[in-house]
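Peer 1: structure, please.
(chains A, B and C)
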Amino acid sequence: MPELPEVETIARGVDARVRGDRIVDVWFGSKREPFKTPAARQAKGLEGRTIVGVRRAGKHIVCDLGRPPGFQPLEKSSGRQGGAQWIVHLGMTGRLLVTTHDAPVAAHTHARLTLASGRELRFVDARRFGRLEFRDLGKSDGFGAPGAEPLRIGPQEFVALFRGRKLPIKAALLNQTLLAGVGNIYADESLFRAGLRPRRAAGRVTHGDLERLRLALRAVLEEAIRLGGSSVSDYVDAEGAEGFFQLEHRVYQRTGEPCLVCKTLIRRIVVAGRSTHYCPNCQK
DNA sequence: CATTTCACCTGGTGGC
DNA sequence: TGCCACCAGGTGAAAT
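Peer 2: Numbers count the residues shown, from 1 in each chain, chains lettered A, B, ... in the order given. Got it, this is the predicted structure:
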């Protein structure tokens, strides 16, 4: 499932392939979801614009777009005027793929953006948890993930996120308004590496333990990005290639297997409605 | 407001 | 072989 490292990998791959390309035609395969913006308005907004760049914000992929064709800037306009954004959330099973125009169309393809180069940007999502949104920057603000970026947050700011909170530390890690980009895999893996039990009340974790958690989280996310993410269900990058970080998981989906550090059997519990895996010996 | 629970959705899996 | 209950989980709405 795409979390921060997977979304980062996809955004980088898509950016490398479509930056500077122009959207010449838009096709949406379904009238119902995944449209956060109505399909017709989205298609109209996208057509003719140039893709300025593609980047990750939390678990979202933001495609920054140039001015629409025939745009007349007002006098004294700022450089940003006329721009727009296409925002993709992959949900659980979403894929954002760059293909040729004649590549076979996979099942559950919901969007096809034909590009001037002959390439195509496709959104495929079997489970329909993904979301597509169009923002006209003349009418609304640019997209900003609500939570802090785990790769950039500093020690004091990290401690402040959890202060006074009674919910389990794992639930806090998953809360996107606190931290943007952490999902079930990297919550479990970072808690293991920091030696913390997932159910510890967030507000009662010591500053020292929180600093260990911040560093463990950053390390695990950076390592996962280097390995192209974790392919555990449907995840593939912009080219359709799988990642390798699933081979480095120490607790996630290892229920009943021996801990790689102490041989104690990995336990599975449910926290915040999610499968949660931990070592009862290594994590206190 | 803080927190918890649940519906959404479909493919894969394991039991019989 | 077929059938079916069950599980996976990011998000947001509803409930507490």
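Peer 1: run through the neighbouring helices and strands of the helix or strand A:Leu221 falls within.
Peer 2: Secondary structure assignment for A:Leu221, by DSSP states H and E: helix A:207-226. If contacts are counted by 3 or more Cβ pairs under 8 Å, 6 or more residues apart in numbering; DSSP states H and E, helix A:207-226 sits against helix A:4-18, helix A:155-162, helix A:184-194. For glycine as for every other residue, the C-beta is placed from the backbone atoms N, C-alpha and C.
Peer 1: packing partners of the following helix or strand past it?
Peer 2: Per DSSP H and E, helix A:207-226 leads on to strand A:267-271 as the next helix or strand towards the C-terminus. Under the contact criterion of 3+ Cβ pairs under 8 Å, 6+ apart, strand A:267-271 touches strand A:274-278.
Peer 1: close to DNA strand B, is the strand it packs on?
Peer 2: No. Judged by Cβ under 7 Å from any atom of the strand, strand A:274-278 stays clear of DNA strand B, getting no closer than 8.7 Å.
Peer 1: in contact with the spatially most central residue of chain A, which residues?
Peer 2: Residue closest to the average C-alpha location in chain A (Cα atoms, centre = their mean): A:Lys59, at 2.2 Å. By Cβ atoms under 8 Å, 6 or more residues apart in numbering, the contact set of A:Lys59 is A:Pro2, A:Glu3, A:Leu4, A:Val7, A:His89, A:Leu90, A:Ala145, A:Gln176, A:Ala180, A:Gly181, A:Gly183.
Peer 1: now do the domain split for chain A, please.
Peer 2: Residue ranges for each domain of chain A read A:4-136, A:155-278, as given by automatic domain parsing.
Peer 1: any idea how far apart the tips of the first one sit?
Peer 2: In this case it means domain A:4-136. Criterion Cα to Cα, to the nearest Å; first-to-last residue distance in domain A:4-136 is 25 Å.
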